[in-house]
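Peer 1: I'll drop the sequence and a predicted model, then ask my questions.
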Amino acid sequence: MSFLAPRLPLAELLPHSLRQRVARQLEQRFAGLRIPAFTVPAPLARVAARLPQQIPTQALVGALNLALGRILPREQLEALVDRRLRIRVTDAGLTLDFTLSEKGFRRAAGETTPDLVLSAKARDFMALALREEDADTLFFSRRLLMEGNTELGLLVKNTLDAIDWSALRPG
């Protein structure tokens, strides 16, 4: 795993050489670090399942919109426009419904059936996001489930594989 610091406006104020040195030190310090195996405690998941899902969904949508165009290639996502997607974090009791519009990702309103549902534990979604494991490994070990439109599922999987994480590196 390499440390991928987001490009923050504050970081732009630092001299380029200092940003590079800090990034290098962080990469060395966190090299080989892996997410430990964990499951969200059941009592916490029961509480989270009863809470409104708008706040965690809005956090996800905000992160996706920050990534759109930087590490998520907009042209590859054309097939997702106006499609309803659901991410179900099975051990955390979270169900996040969102869609992609011409203006970016947004929370999906209403109770319509999603075109694609991705289900996994929180740890597995984190490992996928940090590139510790790829979607195929999680899928074939039955830790990542895709339900719904198969073509859409392949598009999402291929997009995850094509993400250029180096675009988030400072400098």
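Peer 2: Alright, I've got the coordinates. Predicted model only: the values in this text are computed from it and were never measured.
Peer 1: Show me which parts of whatever helix or strand Ala63 lives in are buried, residue by residue.
Peer 2: Assigned by DSSP states H and E, Ala63 belongs to helix 54-67. Using 16 or more other Cβ atoms under 10 Å as the test for burial, helix 54-67 gives 56-57, 60-61, 64, 66. All C-beta atoms are positioned from the backbone trio N, CA, C, and that covers glycine.
Peer 1: looking at the sheet around Gly148, what are its partners?
Peer 2: Taking DSSP bridges as the rule, Gly148 bridges to Leu116.
Peer 1: Around it, count how many other residues there are.
Peer 2: Per other Cβ atoms under 10 Å, the neighbour tally for Gly148 reads 17.
Peer 1: one step back: contacts for the helix holding Ala63?
Peer 2: 6, 72, 87, 94, 96-98, 104-107 (Cβ atoms under 8 Å, 6 or more residues apart in numbering).
Peer 1: Restricting to C-alpha, output that helix in CSV.
Peer 2: Taking Å, rounded to 0.1, in the frame of the first residue of the first chain, the C-alpha atoms of helix 54-67 are listed here in CSV:
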residue,chain,number,x,y,z
GLN,A,54,-28.6,10.4,3.8
ILE,A,55,-25.5,11.5,5.7
PRO,A,56,-23.2,8.6,4.8
THR,A,57,-24.5,8.6,1.3
GLN,A,58,-23.8,12.3,0.9
ALA,A,59,-20.2,11.7,2.2
LEU,A,60,-19.7,9.0,-0.4
VAL,A,61,-21.2,11.2,-3.2
GLY,A,62,-18.9,14.1,-2.1
ALA,A,63,-15.8,11.8,-2.3
LEU,A,64,-16.9,10.5,-5.7
ASN,A,65,-17.4,14.0,-7.0
LEU,A,66,-13.9,15.0,-5.8
ALA,A,67,-12.5,12.1,-7.6
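Peer 1: could you check the distance from Arg34 over to Asp91?
Peer 2: 18 Å (Cβ to Cβ, to the nearest Å).
Peer 1: Which one of these two is surrounded by more residues?
Peer 2: Under the criterion of other Cβ under 10 Å, the comparison of Arg34 against Asp91 puts Asp91 first, with 18 against 10.
Peer 1: got the contact list for that one?
Peer 2: By Cβ under 8 Å, 6+ apart, the contact set of Asp91 is 39-40, 45, 121-123.
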